[in-house]
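Undergrad: Task: produce atomic coordinates for the following.
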Amino acid sequence: MSTQAQPLSGAEAYRQAARNAARPDAALKVSDWADKYRMLTLRSSPEPGPWRTSRVPFLKDIMDDLSPSSRVRVVVFMKGAQIGGTECGNNWTGFNIHLAPGPMMAVQPTTDMAKRNSKQRIGPLIEDSSVLNGLVKDARQRHSGNTVLAKDFPGGILVMVGANSPRGLRSMSARYLFLDEVDGYPGDVGGEGDPCDLAMARSTNFPRAKIFITSTPVISGRSRIERFYDESDQRQYWIPCPHCREMMVLGFAQLRWPKGQPHKAQYFCEACAKPIENHAKEWMLPRGEWHPQIADADPKVRGYHISSLYSPVGWLSWGQIAAKREAAGNDPEKLQVFTNTVLGLPWAEEGEVPDAERLYERREAYQIGRVPQGGLLLTCGVDVQLRRIECEIVAWGKNKESWSVDYRVFEGETNQPAVWAQVAALLDEDFKTDYGGPPMQIRRMAVDSGFNTTTVYDWVRKMPRTKVMAVKGESKVAGVVGLPSLIEIGPQGKRIRYGVRLWPVNTNIAKEELYRWLRGAMPDKARGEAWPTGYCHFPAYGKEYFEQLCAEQLITRTIAGRRITKWELLRDRNESLDCRIYARAAAASLRMETWADQRWEQMQAELMKDPRTNVAEPGRSNSGVSRTPVPQFRPFHAREDPE
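TA: As a prediction, this is how the structure comes out:
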């Protein structure tokens, strides 16, 4: 007689699922489950084989706080790279599927990232663990409940969504919520609010809900993981010195090496001043302890911070960290990456306004209206006022280096076509270069639509879509510029024929970036130093230009117990700052940052061709208007101030 179990009827299957869901949560902790059941293969890990918490002992407390036996409800993990934060969440996911079933939502910054994470991490997690692959049906079976973004299992379901999808965030209630890389989430999702708030609202109906929030931080004051960590008990990992046994928190200031020899990096104990080699972490890490810094914090919210200095032996070494720091030099952008990904700390903007006087003094002697060598892409930022339009033409090169080529002010009522015709003519203007080849023209122009909006929309709609873009400030965009949306109704309710594409620009990010570049030091050419990332070159403009460029300051205030960071004007006029931001947005919309060196070199080669072999086609016009001589008008502040 066959002993094979007979399939359950529909009613019995539901009863079985109800019994499984009603049973008490397992006493086993997440770290114990991972050690007992988690298998890693080359598909998901460079170290295949059974999971060993002993390799990453600092993760044990974090995982165990996610166990049903822990009273902790929210676990925050602010970290550096190569520490294993995402694997904590994966182990927790496997534990829930196996021993504590319930509805679970895992949120990645985008839907595409959620799909990729499902294929690269969650799929192998289930398939390579024998206790899980029998609970989640084979995706090849019809009606299996196993899709890329959803995994059904007895008593629960795992749904994976992107933080950019409001529909996904509203799709279900969740007892378990895994928010991964929250600093990569958009500021606002579909106009419905912060994606973390939307997701966390899905767990309010569960009295024993668990939320795991993890991320590498980005910018201080705007970092979500920093905010969540600040609201926790702020735990740090203390480990003993192998020489004096004094407990310490690893800090980058104690990592030292001979200049130019990062492979010789050693960590020096603050207590005994003796050097510690990287391999000593094998002894130090298992003896570490987490200690909170805030004694009276909510006991149900625990926060952990750890840097990549704790990375286990065989992963990121102290020598490699020293090499990364040397490579960053004094470049603010590279230093930010190092601070975020290695130290696991948010990058603190200095908050200082660039010195307008210093920028004025370091002007260069290149000719206004001519593109210097290095500039390979021309963009234009346009700021609209009541009776004038101001424009800055900026040349961009590799490594986001830039040259202000010219600054124009066109006088006239901006609701009348005459002044707009002058702006349109800029698109047809030829800018001579120092390469000796053909002239350059503006590749893309970004026009602010915040003032005289209807007129701007009407004008932009008539311009070539690839050459002119309408922009509007939007602080919830994740980058300098977001994806455009089609606007079919104007601000006064009037229908816009055929519509106009409106590009959102995060002026906060763009201003922080620009001010970081403006504070950068000039390289020492005698020592062969290169221009730092984003270095800004200026011709002989007057002081007013630079004072407008430095007209705002980033201010952080505490309002109702929360830190609010915003830009505030220091003076009335800031048009040159706005124009520069819009020119940067135009470059970002072309995805300039992603261009390979080969593309830049090809652009330079084109500009070095003999102009006699590059005759333009007669009558061709970028703007759609006939070519007419462009008035070489300069605002009073674009030249040297008169004596």
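
Undergrad: Every contact and neighbour count from this point should use C-alpha atoms.
TA: Fine.

Undergrad: Tell me, please, where in the stretch 451-600 of the chain the pLDDT is lower than the cut-off.
TA: Along the stretch 451-600 of the chain, segments meeting pLDDT under 70 span 478, 488-498, 556-565.

Undergrad: how about a cut-off of 80?
TA: Judged by pLDDT under 80, the stretch 451-600 of the chain has its weakly predicted residues at 475-479, 487-499, 524-528, 554-566.

Undergrad: Which stretches in it count as helices?
TA: Counting by DSSP state H, counting those that start in this stretch, the stretch 451-600 of the chain has helices at residues 453-462, 507-518, 543-549, 575-589, 597-607.

Undergrad: Among these, which comes closest to Val337?
TA: Taking C-alpha to C-alpha as the criterion, helix 507-518 is the member of the helices of the stretch 451-600 of the chain that comes nearest to Val337, at 13.2 Å.

Undergrad: Who are the packing partners of that closest one?
TA: Where contact means 3 or more C-alpha pairs under 8 Å, 6 or more residues apart in numbering; DSSP states H and E, helix 507-518 is packed against helix 575-589.

Undergrad: so how far is Cys196 from the residue most central in space within the chain?
TA: With distances taken as C-alpha atoms, centre = their mean, the chain has Gly184 as the residue nearest its mean C-alpha position (5.1 Å). Distance, Gly184 to Cys196, using C-alpha to C-alpha, to the nearest Å: 11 Å.

Undergrad: try Cys269
TA: Look at Cys269 and Cys196: by C-alpha to C-alpha, they are 39 Å apart.

Undergrad: cool, Arg571 as well?
TA: On the measure of C-alpha to C-alpha, Arg571 and Cys196 end up 36 Å apart.

Undergrad: same check, this time on Pro532
TA: Between Pro532 and Cys196 the distance, using C-alpha to C-alpha, works out to 36 Å.

Undergrad: Endpoints of stretch 417-435, how far apart?
TA: For stretch 417-435, the first and last residues are 36 Å from each other (C-alpha to C-alpha).

Undergrad: can you tell me the average pLDDT over it?
TA: Model confidence over stretch 417-435 averages 95 on the pLDDT scale.

Undergrad: now that stretch: how far from the chain's centre is it?
TA: Here the centre of stretch 417-435 is set off from its chain's centre by 34 Å, with C-alpha atoms, centre = their mean, to the nearest Å.

Undergrad: Buried ones in that stretch, by neighbour count?
TA: Burial within stretch 417-435, assessed by neighbour count using 16 or more other C-alpha atoms under 10 Å, is assigned to 419-420, 422-429, 431-435.

Undergrad: what about the nearest residue to Pro286 once chain neighbours are set aside, neighbour count?
TA: Computed as C-alpha to C-alpha, 6 or more residues apart in numbering, the closest residue to Pro286 that is not its neighbour in sequence is Pro57, at 5.6 Å. Burial measure for Pro57: 17 neighbouring residues, criterion other C-alpha atoms under 10 Å.

Undergrad: so Pro57 touches Met284, yeah?
TA: No. In this structure, Pro57 is not within contact of Met284 by C-alpha atoms under 8 Å, at 10.1 Å.

Undergrad: so who does the residue nearest to the residue nearest to the centre of the chain when sequence neighbours are not counted touch?
TA: Setting aside the residues directly before and after it, Gly184 is nearest to Pro109 in space (C-alpha to C-alpha, 6+ apart), at 5.4 Å. For Pro109, the contacting residues are 162-164, 180-182, 184-186, taking C-alpha atoms under 8 Å, 6 or more residues apart in numbering as the criterion.
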